[in-house]
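Any chance you can model this:
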Amino acid sequence: MPNTDVMVFGAHPDDIEIGCGGTVMNLTDAGRRVVLVDLVRGELGTRGSAEIRAREAEEGARILAAC
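Below is the predicted model:
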């Protein structure tokens, strides 16, 4: 991805936000372009459907100012 400074990978939606959201926010606050990558959709998770988790991941990325 052009113009990307950091790519952060998480297994499931919300793993990045819960596990290292503070670091992501520090990076975006410092002007870095951060891209969040969930490796699965979370469809087999116990905390909501894949659609719900996708919406939550989008909201988390918005709050963290990440892509």
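
alpha carbons only for contacts and neighbour counts from here, please
OK.

which SS class is the spatially most central residue of the chain?
Residue closest to the mean C-alpha point of the chain, counted by Cα atoms, centre = their mean, is residue 36 at 4.1 Å. Three-state assignment for residue 36 (DSSP: H, G, I helix; E, B strand; the rest coil): strand.

In contact with it, which residues?
Counting by Cα atoms under 8 Å, 6 or more residues apart in numbering, residue 36 makes contact with 7, 8, 9, 10, 16, 61, 66, 67.

Equivalent analysis for residue 61, please.
Contacts of residue 61 (Cα under 8 Å, 6+ apart): 17, 36, 67.

got a pLDDT number for it?
Note on residue 61: pLDDT of 91.

That one and residue 49, how far apart?
As judged by Cα to Cα, to the nearest Å, residue 61 and residue 49 stand 18 Å apart.

hmm, back to that, now tabulate the contacts of residue 61 in JSON lines and tack on pLDDT.
Below are those laid out as JSON lines (pLDDT from 0 to 100):
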{"residue": "17", "pLDDT": "88"}
{"residue": "36", "pLDDT": "94"}
{"residue": "67", "pLDDT": "85"}
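
of the residues you listed, closest to residue 30?
Distance to residue 30 across the contacts of residue 61 (Cα to Cα) is lowest for residue 67, with 15.0 Å.

So what's the residue count around residue 6?
Residue 6 has 16 neighbours, counted by other Cα atoms under 10 Å.

State the distance from residue 17 to residue 2.
23 Å.

More neighbours: which of these two?
Of the pair residue 17 and residue 2, residue 17 is the one with more neighbours under other Cα under 10 Å, namely 20 against 4.
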